[in-house]
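Student: take a look and give me a structure for this.
(chains A, B, C and D)
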Protein chains: 4
Amino acid sequence: MTIDPSAWTLGAAMNPIRVTIWNEFIHEKSKPEVQAIYPQGIHVALSDAVERHLGDAVEVCTATLDEPQHGLTDELLEGTDVLTWWGHVAHDRVEDDVVQRVQQRVLEGMGLIVLHSGHASKIFRRLLGTSCMLRWREADERERLWIVDPSHPITEGLQGDYFELPRAEMYGEFFDIPAPDELVLISWFEGGEVFRSGCTFRRGKGKIFYFRPGHEAYPIYHDENVQRVIVNGIRWAVPSGAEYFGTGRNIPQALSPIGKKRRG
Amino acid sequence: MTIDPSAWTLGAAMNPIRVTIWNEFIHEKSKPEVQAIYPQGIHVALSDAVERHLGDAVEVCTATLDEPQHGLTDELLEGTDVLTWWGHVAHDRVEDDVVQRVQQRVLEGMGLIVLHSGHASKIFRRLLGTSCMLRWREADERERLWIVDPSHPITEGLQGDYFELPRAEMYGEFFDIPAPDELVLISWFEGGEVFRSGCTFRRGKGKIFYFRPGHEAYPIYHDENVQRVIVNGIRWAVPSGAEYFGTGRNIPQALSPIGKKRRG
Amino acid sequence: MTIDPSAWTLGAAMNPIRVTIWNEFIHEKSKPEVQAIYPQGIHVALSDAVERHLGDAVEVCTATLDEPQHGLTDELLEGTDVLTWWGHVAHDRVEDDVVQRVQQRVLEGMGLIVLHSGHASKIFRRLLGTSCMLRWREADERERLWIVDPSHPITEGLQGDYFELPRAEMYGEFFDIPAPDELVLISWFEGGEVFRSGCTFRRGKGKIFYFRPGHEAYPIYHDENVQRVIVNGIRWAVPSGAEYFGTGRNIPQALSPIGKKRRG
Amino acid sequence: MTIDPSAWTLGAAMNPIRVTIWNEFIHEKSKPEVQAIYPQGIHVALSDAVERHLGDAVEVCTATLDEPQHGLTDELLEGTDVLTWWGHVAHDRVEDDVVQRVQQRVLEGMGLIVLHSGHASKIFRRLLGTSCMLRWREADERERLWIVDPSHPITEGLQGDYFELPRAEMYGEFFDIPAPDELVLISWFEGGEVFRSGCTFRRGKGKIFYFRPGHEAYPIYHDENVQRVIVNGIRWAVPSGAEYFGTGRNIPQALSPIGKKRRG
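Tutor: Sure thing, here's the model as predicted:
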């Protein structure tokens, strides 16, 4: 499905949305069962999906852990409207100064989509201030994602009041995040847990969307509803709004007159 | 300024946004000083402004208190994406069944922009559940509106960290509303008060934006920044998201198997 | 000034909390299976539980639908710190002027605990502005309530990360409420749904807690965890804070000087 | 179980609240005009005020930058229910591992009251994830703090709809914080700015209150309303709620049965 660009986005996006898909890219090279699902890597699967849905309305590029600066150069970040993040076993191999630069770009307005195990990434934890930890289990169980905010553009085009994934890794509460600004999706798991699976946060001028589904051992990023939510998330996270003032500013001259006062 | 339609909206708005501008339309017919500012009524001034900013991306119509059903027939409401509301001295002349139908349409997804003295309208109070009352004073004082959420699309295109209105009626806290879902603008008033001037709320599938400025005795709706915020609010409030389920639904058949249990 | 430790509640509650337990009280008189569980009515079971937990710290009284003014006289409401509400089949028999008075008292600061099927009561819908409707099923299924805000006083004393009810009526999303100010508990149901089961809202000076569990056909109000949450909710909802200003106030005299301006 | 009325606090605070007052303690030793206002340091002034208001209900101790580990040993932090933080010129002299331990204690439930220029402290910025920067001006101007949530226990005992400080340093928007969980106070400044002066946040099990007033060059911590808000904030931030789960937990055994599925 190609969506006409005229149907999109919060921001002044006359121009294509510039999306960067970041992937740790380790499991796909070392585990045959993951390679079978994502032969070129999760980032390429996601990149293909985003391009298929958004067509000319998007320009996608990818970056991975093993590239210099993990592929996230100043130049690339400056030219990124929305960054998606997937990592799992190598969060601590992400350099702190890269994390610092990504955080700064988010504050300046770059959208950030954090996927699945990215909950434990340095960048997510730094932006949220909590452990971001959770319960988990790999037991081939059914997940059902319920829409709890049908007004939210991230749910655009979903049919019915939920969608399902037949086999998924379980993530359960307590999910140690700040109360999200908006709670969009809650997951039900066959084995007995629930999870806040679609959450938005704002930091500075940047919009952040955490979306739970997606384990390397399941073909979840090939699922049409999952792709739709990610694409909607990207559109929603496009920079919008007013100028960002993120530094201390001394304003010695008052805007309105201040009366003289006697010291006590 | 005409904004290209390709730059817009959260929803699937390939088609023009259908906006209905509702106005009480009393002061403009009875007070010469108001007539001087809004010779054809506030609704026509707003309508002109929205059309000027959005061009072909919008279809605007107006409705007023004195029309049958206050102009808000089922047919018009069904064909409205976003309704704006201005009223002041005749809130209690709005029929309850019209209020009921507007509320239902908001729950179903129609956007609602409540302007200035519309804070005391039946529809706003019914959707919010509080008195929606406030402090006020007419004293020709300066208002300065500060942006407290620069990530919000409603602030798109505003320059700097605030904008000013040289002469305004004062509205002050405590403004008896539920905590807004998003607080976008806070006003400073020369005479000493503050006010939460740009607030969003969600009810059902509908998005609501309250925007303070605009008194009949000041040319505030001719101000460019005020127009920009209203236009941004309309774009933001366009229906989006998933299907709305607003009725009780008995679902006798479980989605997943339920084990037999012995009664205690 | 020394504050007695007994004042450390949210409110200035040196004195006992005055709780009124309201019950529709219909099923218990007409259905033997309900009578077996609540022989004197749900209100008496709740009243006993609250007294058992809070002892001298509380004064409890009850009121039911069939009493004059449904038992909710001005005098009683004036003397109530926290009102709990249970209704099911007779919501539309509650008089509008009683609803109006309860709403006014909530705005003035009276706490309100809405239980289970009270989601469809006039008072809850009026305070929230939405339909408050939901999915439901009676199928003897297991419910597991997960704590998603362990910082909240309403969860005080709960053990572990969830508690269970072996057999319950199901309530599922979409629950048509405004986004709650605080989301405390999410339910998992055996048959496949999730539900926002513990939600807080503020209206005026009043604090509102919606708590899902409790069907007339299950002994849920005899469950210790359920009682604990209700008791915590009552303590949390005790009036606190500053003076409530819920009427329009004209303040002709500015607090700070306003400069003279020339009319445009 | 009968709960003693003295337990009606948010937490299980039968015992005195253990408060630790942290102060950078630099200006008071180097600037005579500051020494004149706070001869023993801001921490001692605050400590005296808290003890005067809470009497036996509190145990206060202080800690300062120059002590080993800045006075914040593991033992002290373990024994602290609520920590207050004042710093200004030496934020970067606070050791990262101390910040790390304070953050961990907040996540585990310790309350944190961040005062005035503490907005730029490492601990506040780490918990919030943003720059926490703002506009500022020292111009002897009047500040008026408006109550925008009269239901909040932090406003307990305040008279009227605002309180004033005759001379204050100005802090203005944009204040680069995440949208607060609760917005309690908004400041008006004579020179033309507004500021979100009383904000709450939750991180993990911990409750955080940011309160703006208080500059070393003004006797603001001797003001009765300011003291009252700080004391209310301390009482509100006392640990409460359920157990905190802040580590990843693998739960291999499902709570409810999971059906066998066929791969692919």
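Student: OK, contacts around the most centrally placed residue in chain A?
Tutor: Centroid-nearest residue in chain A, with C-alpha atoms, centre = their mean: residue A:113, separated by 1.0 Å. Contacts for residue A:113 (C-beta atoms under 8 Å, 6 or more residues apart in numbering or on different chains) come out as A:82, A:83, A:84, A:85, A:208, A:209, A:211, A:230, A:233, A:234, A:237. Backbone N, C-alpha and C define where each C-beta goes, glycine included.
Student: pull the contacting residues for residue A:208.
Tutor: Residue A:208 touches A:106, A:111, A:112, A:113, A:114, A:127, A:200, A:201, A:202, A:237, counting by C-beta under 8 Å, 6+ apart.
Student: got the phi and psi for the nearest residue to the last one once chain neighbours are set aside?
Tutor: Spelled out, it's residue A:237. Closest residue to residue A:237 apart from its sequence neighbours, by C-beta to C-beta, 6 or more residues apart in numbering or on different chains: residue A:111 at 2.6 Å. When read as degrees, to the nearest 10, the backbone of residue A:111 gives phi -70, psi 150.
Student: ditto for the one 4 residues further on
Tutor: The main-chain torsion angles of residue A:115 are listed as degrees, to the nearest 10 and equal phi -110, psi 130.
Student: if the closest residue to it other than its chain neighbours is in a bridge, with which residues?
Tutor: Nearest residue to residue A:115, sequence neighbours excluded (C-beta to C-beta, 6+ apart): residue A:86, at 4.7 Å. As for beta bridges, residue A:86 partners with residue A:23 under DSSP bridges.
Student: what's the pLDDT at residue A:86?
Tutor: Confidence at residue A:86, expressed as pLDDT, is 98.
Student: ok, it touching residue A:45?
Tutor: No - contact criterion C-beta atoms under 8 Å: residue A:86 and residue A:45 do not qualify, at 10.2 Å.
Student: for chain A, longest strand please?
Tutor: strand A:135-147 (DSSP state E).
Student: so how far is that strand from its chain's centroid?
Tutor: Its chain's C-alpha centre and that of strand A:135-147 lie 19 Å apart, by C-alpha atoms, centre = their mean, to the nearest Å.
Student: and the angle from that strand to strand C:135-147?
Tutor: Using axes from the mean of the first three to the mean of the last three C-alpha atoms, to 10 degrees, the inter-axis angle of strand A:135-147 relative to strand C:135-147 is 150 degrees.
Student: among the contacts of residue A:208, which ones are in strands?
Tutor: Per DSSP E, those map to strands at A:111, A:112, A:113, A:114, A:200, A:201, A:202.
Student: nearest residue to the fifth one other than its sequence neighbours?
Tutor: In this case it means residue A:200. Closest residue to residue A:200 apart from its sequence neighbours, by C-beta to C-beta, 6+ apart: residue A:182 at 4.3 Å.
Student: ok, now the second one?
Tutor: If you skip the residues right next to it in sequence, residue A:112 has residue A:208 as its closest partner in space, 4.7 Å away by C-beta to C-beta, 6+ apart.
Student: which SSE is that neighbour in?
Tutor: strand A:206-211 (DSSP states H and E).
Student: re earlier: state the mean pLDDT of the longest strand of chain A.
Tutor: pLDDT averaged over strand A:135-147 gives 97.
Student: what packs against it?
Tutor: strand A:162-172, strand A:182-189, strand D:249-250 (3 or more C-beta pairs under 8 Å, 6 or more residues apart in numbering or on different chains; DSSP states H and E).
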